[in-house]
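1. Okay, here's the prediction I keep looking at, along with the sequence it came from:
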2 protein chains.
Amino acid sequence: MGRIAKTPTPPYYAVIFASERTEEDRGYGKMADKMVELASRQDGFLGMENANDEGLGIMVSYWDSLEAIQRWKENAGHQAAQERGKSGWYQSFALRVSKVESDRYFEI
Amino acid sequence: MGRIAKTPTPPYYAVIFASERTEEDRGYGKMADKMVELASRQDGFLGMENANDEGLGIMVSYWDSLEAIQRWKENAGHQAAQERGKSGWYQSFALRVSKVESDRYFEI
């Protein structure tokens, strides 16, 4: 439990990152954990949801502004991980920046 | 491969559905497959990405307009699945409608 992000009233921003991994696994788990920790300490970070299925990972992170997304993109530790991702871990990915206009929650 | 959606040039819309399941599993897989098939035949459907991790599922579907999303929400087969989801399969979920403003692809 607790893996669904509790975000404020819209509008806010979502970065949708869908990735297919290569066979190369070295250091990936450690980097992923570190990136979650780094992101959550950034100004404007609102939450994150993450699911890894065989072959496909989806990570959605939520932010209060496009500026916060830009700062996260430029974060030095994150940039190093982005480079390492493209040269080894990822076969392909799609990264989409979107503005959340409405949301709805359900809980038993 | 092929599990990352190929979407047109933005803007378009993303519905981000993050869910935590109950222990109740009966009929879920069959319904999920049927919903993917139903959605992909809707007008305005652009693609879908889907990852199920232990306990958390993320499904992102892409649409060309808010009207297309509304029609999908009102689809009779989909409505039946929504009801069954709330009365049995889902412990909790968050559903967010967002407008994709930019995207970026990477492929080896």
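-> Cool, the structure landed. Residues are numbered from 1 along each chain as shown, chains lettered A, B, ... in the order given.

2. In PDB, could you pull the C-alpha coordinates for stretch A:96-104?
-> Included here for stretch A:96-104 are C-alpha records, laid out as PDB according to Å, rounded to 0.1, in the frame of the first residue of the first chain:
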ATOM      1  CA  ARG A  96       6.200  12.500 -22.100                       C
ATOM      2  CA  VAL A  97       5.500  15.800 -20.200                       C
ATOM      3  CA  SER A  98       1.900  16.400 -19.500                       C
ATOM      4  CA  LYS A  99      -0.400  18.700 -17.600                       C
ATOM      5  CA  VAL A 100      -2.900  17.000 -15.300                       C
ATOM      6  CA  GLU A 101      -6.300  18.600 -15.700                       C
ATOM      7  CA  SER A 102      -8.400  16.400 -13.600                       C
ATOM      8  CA  ASP A 103      -8.000  13.500 -11.200                       C
ATOM      9  CA  ARG A 104     -10.200  11.000  -9.300                       C
END
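
3. close enough to count as contact, A:V36 and A:G47?
-> No. Applying C-beta atoms under 8 Å as the test, A:V36 and A:G47 come out as separate, 10.9 Å apart. Heads up, the C-betas are built off the backbone N, CA and C, glycines and all.

4. So these two - more neighbours on which side?
-> A:G47 (18 against 13; other C-beta atoms under 10 Å in any protein chain shown).

5. who touches the more buried one in this structure?
-> Contacts for A:G47 were tallied using C-beta atoms under 8 Å, 6 or more residues apart in numbering or on different chains; they are A:A5, A:K6, A:T7, A:S61, A:Y62.

6. ok, which stretches of chain A are strands?
-> For chain A, applying DSSP state E gives strands covering A:12-21, A:45-53, A:56-63, A:90-107.

7. Export these as CSV, with columns for mean pLDDT.
-> Below are these laid out as CSV (pLDDT from 0 to 100):
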stretch, mean pLDDT
strand A:12-21, 97
strand A:45-53, 95
strand A:56-63, 96
strand A:90-107, 96
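
8. Mind putting those into CSV with distance to A:R71?
-> Written out in CSV, the entries for the strands of chain A read as follows (distance: least, C-beta to C-beta, whole Å):
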stretch, distance to A:R71
strand A:12-21, 12
strand A:45-53, 10
strand A:56-63, 9
strand A:90-107, 13
